[in-house]
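Q: What would the 3D arrangement of this be:
(one chain, ligands or ions: 2)
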Amino acid sequence: MPLRSSRAVPRLRYRPQRAGRLIHDRLVPVRPIARIHSSVASPICPSIPTSSCAQSRASLRRELRQRRRHLTSRQQRQAARGMVAQLLRHGALRRAQRVALYLPADGELDPMPLIHWLQRFNISVYVPVLRPSVTPGLWFIKLTRHTRLTRNRFGLLEPVLPHHACPAHKCSAWALDIVLMPLVGFDAQGARLGMGGGFYDRTFSRARYAERAFKRPRLIGLAHDVQEVAALPTEAWDVPLDMIVTGTRCLYPQ
Ligand SMILES: Nc1nc2c(c(=O)[nH]1)N(C=O)[C@@H](CNc1ccc(C(=O)N[C@@H](CCC(=O)O)C(=O)O)cc1)CN2
Ligand SMILES: Nc1ncnc2c1ncn2[C@@H]1O[C@H](COP(=O)(O)OP(=O)(O)OP(=O)(O)O)[C@@H](O)[C@H]1O
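A: Ligands and ions are numbered 1, 2, ... in the order given. Modelled structure (predicted):
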């Protein structure tokens, strides 16, 4: 499905982005980062002292982003195909009508091969846009062959606003059935590390859903196997994932 992009933005094609430097010729095995021990444990982040929690998340983020950028194009394609197979095998898309995914960058696991299946099942596809307001958050805009894309302040592709912000194209976060979220890191307990903007955390925060009695969409994190760590330092605002899917596995955190 070709997409029209706005001026100065290359036409987006549904193929994995070019991977960074080639340092491995096959999928890098999971290399868990060891739990960081400390004598002064933080209540929200038991494995790490309070003062170093944010710092350790930032350095983890750097290392994990580097790991995914180092995957070759072949590894990227293989992982994307594997992820689709996992989602279909586990029936994760069953009964969904509105699914949010993302336009991949920076070595993220590419959700684009999934679009073919979503169209086949007549499921509408939405992508995130940075909400133009003082409080950071995301809007979700329907992705069609007519969607015009631009780059946001982080250099990531997103639909042009306000052009696509009409009710026919915009979907409230709570009205989505499934949100496929890009992960920088994850652990088997369902903790996630994102790009550090807190956009997904704010948009799907527990408090927001509890207050308004909305049903929260099913949150599924997509990541490469190399993005797994033994135990992520977590923060009080982190929204836990219902499921994590890689190119080889589906994890159902408890
Ligand atoms: N493909 C894609 N689209 C997405 C996201 C994403 O993770 N992936 N987002 C998910 O939220 C939102 C954009 N979020 C972002 C949040 C922060 C930074 C950012 O500041 N990056 C800094 C490093 C920050 C750090 O390490 O602490 C940088 O790139 O230098 C970039 C994007 C919306 N769209
Ligand atoms: N529900 C929330 N309410 C208010 N602030 C929040 C909330 N969630 C996150 N934040 C703020 O956002 C900042 C970034 O959070 P965090 O490091 O968890 O981002 P992330 O999960 O990596 O990013 P993202 O959610 O965009 O993928 C934190 O410093 C925190 O202050």
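Q: Give me every residue in the stretch 51-200 of the chain lying close to ligand 2.
A: Near ligand 2, the residues belonging to the stretch 51-200 of the chain are 57, 193-200 when assessed by CB under 6 Å from any ligand atom. Glycine gets a C-beta too; all of them are placed from N, C-alpha and C.
Q: Please, which helix or strand holds the residue in the stretch 1-150 of the chain that ligand 1 sits nearest to?
A: Using CB to the nearest ligand atom, residue 102 is the residue of the stretch 1-150 of the chain that sits closest to ligand 1, at 4.1 Å. Secondary-structure element containing residue 102, defined by DSSP states H and E: none, the residue being outside all helices and strands.
Q: thought it was touching residue 180?
A: Yes: counting by CB atoms under 8 Å, residue 102 touches residue 180, with 7.1 Å between them.
Q: any idea how far residue 205 is from residue 236?
A: When CB to CB, to the nearest Å is applied, the distance between residue 236 and residue 205 equals 10 Å.
Q: So if I had to pick from those two, which one is more boxed in?
A: Neighbours of residue 236 and residue 205, each counted by other CB atoms under 10 Å, are more numerous for residue 205; the result is 17 against 7.
Q: need the contact list for the more buried one.
A: Counting by CB atoms under 8 Å, 6 or more residues apart in numbering, residue 205 makes contact with 237, 239.
Q: all helices in the chain, in order from the N-terminus.
A: Along the chain, the stretches classed as helices by DSSP state H are 50-69, 73-89, 113-120, 199-203, 206-212.
Q: out of those helices, which comes closest to residue 135?
A: Smallest distance to residue 135 across these (CB to CB): 7.1 Å, for helix 199-203.
Q: Quick one: residues contacting the closest residue to the residue of the stretch 1-150 of the chain closest to ligand 1 other than its chain neighbours.
A: Closest residue in space to residue 102, ignoring its immediate chain neighbours: residue 182 at 5.0 Å, by CB to CB, 6 or more residues apart in numbering. Contacts for residue 182 (CB under 8 Å, 6+ apart) come out as 102, 104, 108-109, 194-195, 221-223.
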